[in-house]
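> Predicted model follows, preceded by the sequence.
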Amino acid sequence: MKKIIYLGLATILGLLLSFILHAGIESIYLKYAKNITWHHGCALPYWLQIGLVLAGLIGGYFLGRFWWRLVYIENKRLFRKK
């Protein structure tokens, strides 16, 4: 149960980071764009919007698996009491 919650929260973190990345890319794009085609309130093309969301979800899941293995299986801690 603990692992499922851990992976779910890491996946949500990846999704949130992809939204921040999307906002950054779009603001840079709008700064330099001359002719803009709006896609339902977004200047980026659909394939890039969907790609960023999928990259965030998949990246967050694999980040959660990596940290789960590092912290709970290999017992490596950042701050360990001596």
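Nice, thanks for sending it over.

> For the chain, just list every one of the helices.
Under the criterion DSSP state H, helices of the chain are mapped to 2-32, 46-68.

> where in this structure is pLDDT low?
For the chain, the stretches with pLDDT under 70 are 78-82.

> what do you get if the cut-off is 80, keeping everything else the same?
When residues are selected by pLDDT under 80, those of the chain lie in 34-41, 75-82.

> show me the contacts for residue 14.
Counting by Cβ atoms under 8 Å, 6 or more residues apart in numbering, residue 14 touches 56-61, 63. In this view, the C-beta of every residue, glycine as well, is placed from N, C-alpha and C.

> Now tabulate these in JSON lines and tack on neighbour count.
Compiled in JSON lines, the contacts of residue 14 are given as follows (neighbours: other Cβ atoms under 10 Å):
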{"residue": "56", "neighbour count": "22"}
{"residue": "57", "neighbour count": "15"}
{"residue": "58", "neighbour count": "13"}
{"residue": "59", "neighbour count": "17"}
{"residue": "60", "neighbour count": "22"}
{"residue": "61", "neighbour count": "16"}
{"residue": "63", "neighbour count": "16"}
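
> if we take these, which one ends up nearest to residue 44?
Proximity of these to residue 44 (Cβ to Cβ) peaks at residue 56, which lies at 14.2 Å.

> From residue 4, how far off is the residue nearest to the closest one when sequence neighbours are not counted?
Nearest residue to residue 56 in three dimensions, chain neighbours excluded: residue 18, at 2.6 Å (Cβ to Cβ, 6 or more residues apart in numbering). From residue 18 over to residue 4 the distance is 21 Å, taken as Cβ to Cβ, to the nearest Å.
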